[in-house]
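Novice: Give me the fold of what follows.
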Amino acid sequence: ATSRVGELLGAQPLKPEKSRNLTLGAVWRPTDAWNVSVDLYQIHIDNRITLSSNLATNTPAVQQYLAANGIADANYAGIAYFTNAVDTRTRGVDFVTTYRWEFDDGSKFDATFSANHNDNEVTRVKPNPAILDTLGLNLKRIDRRDQYGLLADTTPKNKLILNGLYSIGPWAFNGTLTRYGSFVAVNSTNPALDQTFGAKWLFDLAVDYTLDRWTFTLGGDNVFNTYPDKTIAANNNNGALPYSVFSPFGFNGAYVYGKVAYRW
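Specialist: Next up, the predicted model:
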């Protein structure tokens, strides 16, 4: 933000972020085997430090302006700098409940259900630097992809997790079902190119065998090979990016692994 090019294109020295956090939680234990907790939270961040939009420097107007101010070797297509240009607010709730069954044969089964809902919102955007408005209509320090996407709706508002762990003797079987809610990939300039990606379910499974101090694990993440929705043609960079880079679970499909652990 203090570089010469950054300053010429509207960057300013960074200020510390200031946050105000409110939380309210409750825990309930109906029985020795059952726990329930609920947490509400709200987080305000003023002068949030975020990366600016990509500011194109390859137009004649920008290159002439930079050259007139001593930057003659602008052999790059654009720049971005960190800025305090936005204030944000996050509101959400976390819910977690666990229950344990213990059986006569010494085996145990632990079940956990957790859920989260959150809402991110940009509450203030500082005015665009005057020099950017002068150099081109498309030069926005914070564009609509940042304001409505990266800082707001590009992460799911909802997430559910159901986990079951069954153990008997040296064996343990761990399964996790996760649901990621829908999210929106926002285009920098054209609302018609915004895309909503649907909710997806993923299942992870792992089996452990413990022998003295050794534990052997065979597992798989996303064992049903779930992928996010494909991006629309206008956003897939001529087919090079068939899946959104904002997918909360990636786009690599199933993953199988083995682990050996020794504890002392």
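
Novice: Helix, strand, or coil at the residue of the chain most remote from its centre?
Specialist: If you look at how far each residue of the chain sits from its centre, by Cα atoms, centre = their mean, the farthest one is residue 104, at 43.3 Å. Per DSSP: H, G, I helix; E, B strand; the rest coil, the local secondary structure of residue 104 is coil.

Novice: For it, give me its contacts.
Specialist: Counting by Cβ atoms under 8 Å, 6 or more residues apart in numbering, residue 104 touches no other residue. To be clear about C-beta, it is placed using only N, CA and C from the backbone, and glycine gets the same treatment.

Novice: gap between it and residue 168?
Specialist: 12 Å (Cβ to Cβ, to the nearest Å).

Novice: follow-up on the earlier one: just the pLDDT for the residue farthest from the centre of the chain.
Specialist: The predicted structure scores residue 104 at 93 on the pLDDT scale.

Novice: go on, residue 230?
Specialist: Value for residue 230, per-residue pLDDT: 95.

Novice: Confirm that residue 206 lies within a helix, as I assumed.
Specialist: No: Residue 206 sits outside any helix when classified using three-state DSSP, being strand.

Novice: For it, which residues are in contact?
Specialist: Residues touching residue 206, when contacts are defined by Cβ under 8 Å, 6+ apart, comprise 173-175, 217-220.

Novice: For the stretch 101-250 of the chain, which segments are assigned as strands?
Specialist: Counting by DSSP state E, counting those that start in this stretch, the stretch 101-250 of the chain has these strands, from start to end: 108-125, 158-168, 171-180, 183-185, 195-197, 200-211, 214-221.

Novice: buried ones in the fifth one?
Specialist: Of the residues in strand 195-197, those buried by neighbour count under the rule 16 or more other Cβ atoms under 10 Å are 195, 197.

Novice: Check the third one too.
Specialist: Taking 16+ other Cβ under 10 Å as the basis for neighbour counts, the residues of strand 171-180 that come out buried are 172, 174-176, 178, 180.

Novice: cool, the first one as well?
Specialist: Across strand 108-125, burial judged by 16+ other Cβ under 10 Å covers 110, 112-116, 118, 120, 122.
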